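>>> below is the sequence, then the predicted model.
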Amino acid sequence: MSAEISKELKDLISKEDTIKVIASISPQGEVHSAVKQSVTVDENGQLIYLEFFEKSQTNINMVNSIWFDKNISVTIISADNRSFVIKGKTIRSRVFGKEFEKYYRLYEEREKDNDLVAVYYIEPLEIYEQTFAVQKAQHKEKYPLYVHLDKYAEETE
Amino acid sequence: MARDLEWRKKELSLDEVAAKFPSFPKLLILKIDVQRRGVIYTEAAQSKIDPNIHQVQSDGQQGFRIEQRYFPEGLILKDGSYLIVSYDYDFENQKRDPYVVDVIDDRIWITDEGRKLAEVSYFVKPDYYNKLASNGEPLTKYISSRPQRIDVVLNQYCHFWDRNGGGCKYCPLTPNYLKQKLKEERYNVKYIVEAVKEALKQEGRFSGFMFTGGSILSGDNVLDDELDAYIELIKAIGDLFEDGKRYPSQLISSAFDERQLERLVNETKLMHYTTDIEVLDREKFAWICEGKNHYIGYDEWKRRLVASIDYFGKGNVSSGMVLGVELASPNGFVSEEEAFKVITEEAETIVENGISLAANVWRPAPGSVFQNQYNPSLEYFVSVYNKFDELHHKYNVGRYTDDYRRCGMHPGLDLLRV
Ligand code: SF4
């Protein structure tokens, strides 16, 4: 079941000073995360990840995610420290073709020796905010008794 | 050969093989099986071909297939890899049912018995398609695209066929040449270079060259003329690249001896050398590749393959093989168990030198001597590919040419992606 990326989150993802981290699982079952600034959202609301290294661990894991139906996640961190998590399913990869070439040229214009190797299309399955203050409020509401007594006393004063 | 209506009961199904090899991606098992059983297209699937966009089978070079029906050149799978279903499909003589490419809910699927197995799309043709060389011929006559590799089949005829029974029994190249009554055995390098120049204008499309063709036995020594022809071609294309630097290129040729290899490495900027041993057993090779055996012999072919590492370096030498043909009748192995044991043991004696093995799935090709034969089970192909992958990892043999990006004919090598 797809989740929709809000306009606010789309705008955040497109900002240059936003950090984007992909977490994925290796064929050996190890978790790997890496900053990947080439994550964007296309006009269909799908996440796009552009990979530049054939043998990067993320690329290996993205292939693994397609072959063995393993989900990945993308963490979005804004310049003002808000953070969001998008869990997703890698549904497709393209290594040539007109759309590939569009991205190839776009990133070549940014830096001449950028050499795109793959475009990944990721369907968002679940999206939630993980900004500390937001998470704190949500957690407190959902699990009010996971708290030390001194804090509990302060809160109920 | 009539369709065997009971064939599904006699071998493990796709699902059963996938369950038996849980670490082997099911998508790759499907690729192997599509190559093994073949594929046909419904009218709805054919109507999805846009001639202005897609690369179809009737375009371009007609060596390994002459089918003129309008089929896509290949399929693209969700992992970005290609499924090349080379060779013509024999509609009359198939013991097993082919897979069917169909349109369901406006999307294109590989199906079997109506079950959706993998969504696919068709190859988009490169920009040089529909353009002409200076002699007015289409550029697709001189080069083809797969889809990130530029392929040049230099000699359209293989001279092992000059000798009675000398042609490799699984190979349709020369029978197709003769059937079409072609006369132009070799194309002028000038037009090949024109085609390559045009292809290279497309940024982000191609990542290497593959040169091959039928064997040429003439010359002062056997294969000298073949060597001269390739040197002329590889040099002419090399002139388009920076001086002194080898360019991403693979030659698949007959097995040259040391003197010929030295010329090849010194006179060209070729990067990768491949000579196909085809059948991993001396006796079966002698029967199936009679001409290769007569002029060079199994042991000598293998020796030259290993010797080529001294010229091109470890990692830049590979060999192709036609997996499954060792079980052809009447002189092939009788059991898949015996064939597995013999060929995987022999494979290790090659891979341990740092040579990778690119195995094709043998599907008896119309026009070939073996055209009416029956190829092995899916389980056999997957077990051999699995073992080859183990060997490639054990001896740390990587694969650059013939990988999922550049070739698409060797689903077993896709395993090296992870
Ligand atoms: S050497 Fe064998 S496989 Fe190669 S073209 Fe000649 S007949 Fe075909």
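Everything's here; your move. Numbering: from 1, shown residues only, chains lettered A, B, ... in the order given.
>>> so the residue in the stretch 301-418 of chain B positioned nearest to the ligand, which of the three states?
Nearest residue of the stretch 301-418 of chain B to the ligand (CB to the nearest ligand atom) works out as residue B:322 at 7.9 Å. Where C-beta positions appear, they are placed from N, C-alpha and C, glycine not excepted. Classification of residue B:322 using DSSP: H, G, I helix; E, B strand; the rest coil returns strand.
>>> ok, it touching residue B:279?
Yes. Using CB atoms under 8 Å, residue B:322 makes contact with residue B:279 at a distance of 6.9 Å.
>>> between those two, which one's more packed in?
For residue B:322 and residue B:279, the more surrounded residue by other CB atoms under 10 Å in any protein chain shown is residue B:279, and the numbers stand at 29 against 24.
>>> please name the nearest non-neighbouring residue to that one.
Closest residue in space to residue B:279, ignoring its immediate chain neighbours: residue B:285 at 4.3 Å, by CB to CB, 6 or more residues apart in numbering or on different chains.
>>> cool, and residue B:249?
residue B:209 (4.2 Å).
>>> what are the bridge partners for the residue most central in space within chain A, then?
In chain A, the residue lying closest to the centroid (CA atoms, centre = their mean) is residue A:74, at 1.5 Å. Beta bridges link residue A:74 to residue A:22, residue A:86, judged by DSSP bridges.
>>> contacting residues for it?
A:20-23, A:36, A:39, A:47, A:49, A:85-86, A:88, A:122 (CB atoms under 8 Å, 6 or more residues apart in numbering or on different chains).
>>> export these as CSV, with columns for distance to residue B:414 and pLDDT.
Formatted as CSV, the contacts of residue A:74 follow (distance: CB to CB, whole Å; pLDDT from 0 to 100):
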residue, distance to residue B:414, pLDDT
A:20, 28, 98
A:21, 28, 98
A:22, 22, 98
A:23, 24, 98
A:36, 23, 97
A:39, 25, 98
A:47, 24, 97
A:49, 20, 98
A:85, 31, 98
A:86, 28, 98
A:88, 23, 97
A:122, 21, 97
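>>> where do the strands sit along the chain?
Let's take chain A. A:19-25, A:31-35, A:39-41, A:47-51, A:72-77, A:83-94, A:118-129 (DSSP state E).
>>> please refer instead to chain B.
According to DSSP E, the strands that chain B contains are B:39-41, B:74-76, B:82-84, B:99-104, B:107-112, B:115-119, B:121-122, B:144-145, B:149-153, B:208-212, B:249-252, B:272-274, B:317-323, B:356-361.
>>> which strands and helices sit next to the helix or strand bottoming out on mean pLDDT in chain B?
In chain B, the helix or strand scored least confidently by mean pLDDT, DSSP states H and E is strand B:82-84, which has a mean of 87. Helices and strands touching strand B:82-84, as assessed by 3 or more CB pairs under 8 Å, 6 or more residues apart in numbering or on different chains; DSSP states H and E, comprise helix B:26-37, strand B:74-76.
>>> quick one: which of those is nearest the ligand?
helix B:26-37 (16.9 Å).
>>> where in chain A is pLDDT low?
Applying pLDDT under 70 to chain A picks out residues A:1.
>>> which positions in it make contact with chain B?
Within chain A, the residues that sit near chain B (CB under 8 Å from any CB of the partner chain) are A:27, A:60, A:63-64, A:66-68, A:91-98, A:100-101, A:104-105, A:108, A:116, A:118.
>>> same thing but 7 Å
For chain A, the residues in contact with chain B (CB under 7 Å from any CB of the partner chain) are A:27, A:60, A:63-64, A:66-68, A:91-98, A:100-101, A:104-105, A:116, A:118.
>>> among those, which ones are buried?
Among the residues of chain A next to chain B, those classed as buried by 16 or more other CB atoms under 10 Å in any protein chain shown are A:27, A:60, A:63-64, A:66-67, A:92-97, A:100-101, A:104, A:116, A:118.
>>> in helices, which of those residues fall?
Among these, the members falling in helices (DSSP state H) are A:60, A:63-64, A:66-67, A:100-101, A:104.
>>> redo those as a markdown table? Include distance to residue B:25.
Listed next are these as a markdown table, based on distance: CB to CB, whole Å:
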| residue | distance to residue B:25 |
| --- | --- |
| A:60 | 13 |
| A:63 | 9 |
| A:64 | 9 |
| A:66 | 8 |
| A:67 | 4 |
| A:100 | 22 |
| A:101 | 27 |
| A:104 | 27 |
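>>> that's all I had, so thanks and see you.
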